[in-house]
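K.L.:
From the sequence below, what's the structure:
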Amino acid sequence: GRRLAAIQQPTSALASQTIVRIEQAAFRARLDGSQLVGQATFLVAAAGTDAALLPLQPCSFTIESAFWNAAESRTAIFGADQTGKLLCLVDHSGELSLKWRQAANEVIDGRQSFALQFPSAPYRRLEINAHANIELAIDSGLIVSSQPSSEEPDRRNWLIELTGAANIRLEANAKRQTHL
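P.N.:
Residues are numbered from 1 along each chain as shown. Predicted coordinates for the structure are as follows:
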């Protein structure tokens, strides 16, 4: 029975580790040219006392910086493991903000396609600020609203509730300018 005890040992050690997950995720971006540039805010729940690694997977965008939103904002530690998987070091529950950007995967005749992959969370939403002549379409999720921006009358704010789908295809179509 000694080998069995040795096998059981690591699992109980793992069980004592902190469990971290993203409870909510909000992705805000501005579409300029063929680039989405914005900020993502994750509500991170950490159950436990030790620091743990939170996988930011799947993730199609480039992360420029990461920080914790608190009274004193501090830089979050993140990086990739050997397999290229993005990980963030979490030692408390809180709000994690990322600055991110992603270029269109293809641009054909005024239509841009973005193959988006956002880390999974029970609740995710996407807000996009785009020029008023851009029409957005998404293959998984629900476009809840599209309102003119109060700060910039020539732009619109789109609110999209995302489903749990790992791959999201966002299309931005430039409406033809009709000259009467």
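K.L.:
What is the neighbour count of Glu127?
P.N.:
Number of residues near Glu127 (other C-beta atoms under 10 Å) recorded here: 17. Bear in mind the C-beta positions are built from the backbone N, C-alpha and C, glycine included.
K.L.:
got a pLDDT number for Ala80?
P.N.:
pLDDT, Ala80: 89.
K.L.:
nearest spatial neighbour of it, skipping sequence neighbours?
P.N.:
Spatial nearest neighbour of Ala80, excluding adjacent residues (C-beta to C-beta, 6 or more residues apart in numbering): Leu86 at 5.6 Å.
K.L.:
how deep is the one you found tucked in, by neighbour count?
P.N.:
Counted with other C-beta under 10 Å, Leu86 comes out at 20.
K.L.:
ok, Arg101 - contacts?
P.N.:
35-38, 61-62, 64 (C-beta atoms under 8 Å, 6 or more residues apart in numbering).
K.L.:
same question, Gly141
P.N.:
126, 160-163, 165, 168.
K.L.:
Burial check on Ala115, number of neighbours?
P.N.:
13.
K.L.:
That one and Ala29: what is the separation?
P.N.:
As defined by C-beta to C-beta, to the nearest Å, Ala115 lies at a distance of 14 Å from Ala29.
K.L.:
same deal with Pro58?
P.N.:
17 Å.
K.L.:
what's the answer for Pro148, then?
P.N.:
The value you get for Pro148 to Ala29, if C-beta to C-beta is used, is 18 Å.
K.L.:
Compare these two (neighbour count), which wins?
P.N.:
Legend: neighbour count by other C-beta under 10 Å for Pro148 and Ala29, higher for Ala29 (24 against 11).
K.L.:
Can you name the next helix or strand after the helix or strand where the more buried one lies?
P.N.:
Under the criterion of DSSP states H and E, Ala29 resides in strand 19-32. Going down the chain from strand 19-32, the next helix or strand is strand 35-47, by DSSP H and E.
K.L.:
Distance from that next one to the middle of the chain?
P.N.:
5 Å (C-alpha atoms, centre = their mean, to the nearest Å).
K.L.:
And stretch 96-116, by the same measure?
P.N.:
Per C-alpha atoms, centre = their mean, the centroid offset for stretch 96-116 relative to its chain is 13 Å.
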